[in-house]
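Peer 1: Give me a 3D structure for the following:
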Amino acid sequence: MESVNPQAQIDAEFKHAEQARSRGNEGQARVCARRAAGIAAREYFARRGESIRTPSAYDLLHLLIEDSTLSDDLRQTAAHLTLRVDEEFKLPVDVDLITEAKKLCEELINR
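Peer 2: Numbering: from 1, shown residues only. A predicted model of the protein is given here:
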């Protein structure tokens, strides 16, 4: 899958996220948004010459949270994407993870 353009992969994940949301499957929409952010994060780190061994979007988001070269706003956005849902499958903050992931992807890809 490495031969696929990262932007095309990101776009596909957001398309899947929107489709999941339209079906009322917010959990799947969050998963797709996180995957898109993970693809952008992997590309960001690769362009910086950093070798990332984990396939996990969640782990990549944690690396972004710890990246002091990123703005606090971007690090907070990455943190939102790592939040766990509660027993009612709700996030502890009122954020739209698809919107948050799009913002993060755009910033990382354009760096």
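Peer 1: Can you measure across stretch 52-67, start residue to end residue?
Peer 2: 14 Å (CA to CA, to the nearest Å).
Peer 1: average pLDDT across it?
Peer 2: Throughout stretch 52-67, pLDDT has a mean value of 93.
Peer 1: Name the residues of that stretch that are buried.
Peer 2: In terms of neighbour count (16 or more other CB atoms under 10 Å), stretch 52-67 has its buried residues at 52, 57, 60-65, 67. For glycine as for every other residue, the C-beta is placed from the backbone atoms N, C-alpha and C.
Peer 1: Relative to residue 27, which of those is nearest.
Peer 2: Nearest to residue 27 among the buried residues of stretch 52-67, counting by CB to CB, is residue 57 at 14.8 Å.
Peer 1: How about the closest one: what's its closest non-neighbour residue?
Peer 2: residue 38 (2.5 Å; CB to CB, 6 or more residues apart in numbering).
Peer 1: dump the residue contacts of residue 95.
Peer 2: By CB atoms under 8 Å, 6 or more residues apart in numbering, the contact set of residue 95 is residue 80.
Peer 1: how about a cut-off of 10 Å?
Peer 2: Counting by CB atoms under 10 Å, 6 or more residues apart in numbering, residue 95 touches 76-77, 80-81, 83.
Peer 1: Residue 107 contacts residue 67, doesn't it?
Peer 2: No - with contacts defined as CB atoms under 10 Å, residue 107 does not count as touching residue 67, sitting 11.8 Å away.
Peer 1: shared neighbours, the two?
Peer 2: Jointly contacting residue 107 and residue 67 under the rule CB under 10 Å, 6+ apart are 44, 74.
Peer 1: returning to that earlier point: and the residue nearest to residue 57, how far from residue 86?
Peer 2: Applying CB to CB, to the nearest Å, the value for residue 38 to residue 86 is 23 Å.
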